[in-house]
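Participant: generate coordinates for the sequence data below:
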Amino acid sequence: MRKNRKSSSHTHRNRIYITAFLLAGSFILGGCIIKKEKGADSKLPEIVIGIDYFEPYSYQTSDGEYKGVDVELAREAFQRLGYQPRFENIVWEDKDELLADGTIDCLWSSYSMNGREDKYQWAGPYLYSRQMVVVRAESEIQTLQELKGKRIAVQATTKAEDLFLHKIESDLPQMEQVNCFSTTNELYAALRKDYADAIAGHEAMLGSLVQDGEGAYRMLKESPYKSELGVAFKKGTHKEAAADLTETLKEMQDEGITEEIVSKYGLDADEILPEGESK
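Facilitator: You can find the predicted model right below:
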């Protein structure tokens, strides 16, 4: 799933361009990432990563520190490749413009590759992202098929909306109503006030609702949709860079680094690692 969401943060328009140069064994040439020799002491070249607020994947704490699954994966992967990542909170709707004008080098913020395979130069997939359904704790609904004829609420312009409006092919039953809301707070209120029998959305988002609800809600066990998450570079650029990053992400998964990071943020590695390769 992912990702048509707005960020309240303002993007910085200043840009330090990555140009071809040599720095103690690490350089960029024609969009290629060259691995830095271990033990070199020189300053690493910077790569700018566009993110928006989507806990637990990418967010800022009250003191301004960047945290999250994607933030930690990006730091580890790019440092292995000889780069110092710099994160920029962006207005997500401006992401393509910012890629095009060079304000950012890539997008890394729980971004789904599905349906966008030809729009960007991708690295990945490195994780799966699941759509899930949440109901009130006392609800009789236990399975996706038991949603037939019920009222469901989703956030507008998301994968959940496309799924339950049957714009994406699936085995989901026909609903009595599919109510689309602009914000997650409106979505949660629809379930809380019984305007909807269930709500659907990204697993991490709904997981926070269930946890904070202290027993008021529960998540169905089935997932109606899985997305492949990737790192998006501007189309037609960074082909070798994306290949190097894909290889590095696979190495991190094989070493158990990815599982360690996603588990740290409360996600189920067995469900979201590609090909079930958690250790």
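
Participant: helices or strands next to the longest helix along the chain in the packing?
Facilitator: Looking across the chain with DSSP state H, the single longest helix is helix 239-254. With contacts taken as 3 or more C-beta pairs under 8 Å, 6 or more residues apart in numbering; DSSP states H and E, helix 239-254 sits against strand 32-33, helix 69-80, strand 121-136, strand 225-233, helix 257-264. Backbone N, C-alpha and C define where each C-beta goes, glycine included.

Participant: the stretch 1-150 of the chain: helices as residue ranges?
Facilitator: For the stretch 1-150 of the chain, helices defined by DSSP state H, counting those that start in this stretch occupy the ranges 69-80, 95-100.

Participant: give the buried residues for the first one.
Facilitator: Neighbour-count burial for helix 69-80 flags V69, D70, V71, E72, L73, A74, R75, E76, A77, F78, R80 (criterion: 16 or more other C-beta atoms under 10 Å).

Participant: for it, what is the average pLDDT?
Facilitator: For helix 69-80, mean pLDDT is 97.

Participant: show me what that helix packs onto, helices and strands only.
Facilitator: strand 46-51, strand 84-89, strand 106-112, helix 239-254, helix 257-264.

Participant: just give me how far the second one sits from the chain centre.
Facilitator: The chain centre lies 16 Å from the centre of strand 84-89; the measure is C-alpha atoms, centre = their mean, to the nearest Å.

Participant: what's next to it, contact-wise?
Facilitator: With C-beta atoms under 8 Å, 6 or more residues apart in numbering as the test, strand 84-89 has contacts from 7, 9-12, 43-53, 58, 60, 66, 71, 74-75, 78-79, 103-104.

Participant: at 6 Å instead, please
Facilitator: The contact list for strand 84-89 (C-beta atoms under 6 Å, 6 or more residues apart in numbering) reads 9, 12, 44, 46-51, 66, 74-75, 78, 104.

Participant: how about the third one?
Facilitator: Applying C-beta under 6 Å, 6+ apart, the contact partners of strand 106-112 are 1-3, 49-52, 54, 57-58, 70, 74, 95, 227, 229, 231-233.

Participant: what sits closest to L73 if chain neighbours are left out?
Facilitator: I261 (6.0 Å; C-beta to C-beta, 6 or more residues apart in numbering).

Participant: correct me if wrong: the one you found contacts A74.
Facilitator: No: I261 is beyond contact range of A74, at 10.5 Å (criterion: C-beta atoms under 6 Å).

Participant: so where's this protein shaky on pLDDT?
Facilitator: 1-42, 275-279 (pLDDT under 70).

Participant: tell me the domain boundaries of it?
Facilitator: 22-128+227-276, 130-226 (automatic domain parsing).

Participant: okay, the helices and strands packed on helix 239-254 in JSON lines with distance to K239 next?
Facilitator: Shown next, in JSON lines, are the helices and strands packed on helix 239-254 (distance: least, C-beta to C-beta, whole Å):
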{"stretch": "strand 32-33", "distance to K239": "8"}
{"stretch": "helix 69-80", "distance to K239": "17"}
{"stretch": "strand 121-136", "distance to K239": "6"}
{"stretch": "strand 225-233", "distance to K239": "9"}
{"stretch": "helix 257-264", "distance to K239": "23"}
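
Participant: before we move on, the earlier item: any buried residues in the longest helix of the chain, and which?
Facilitator: A241, A242, D244, L245, T246, T248, L249, M252, Q253.

Participant: go through the helices and strands packed on helix 69-80 and name the closest to R151.
Facilitator: Closest approach to R151 among those (C-beta to C-beta): strand 106-112, 26.0 Å.

Participant: sheet partners, orientation included, of the closest one?
Facilitator: Paired neighbours of strand 106-112 in the sheet (DSSP bridges): strand 46-51 (parallel), strand 225-233 (antiparallel).
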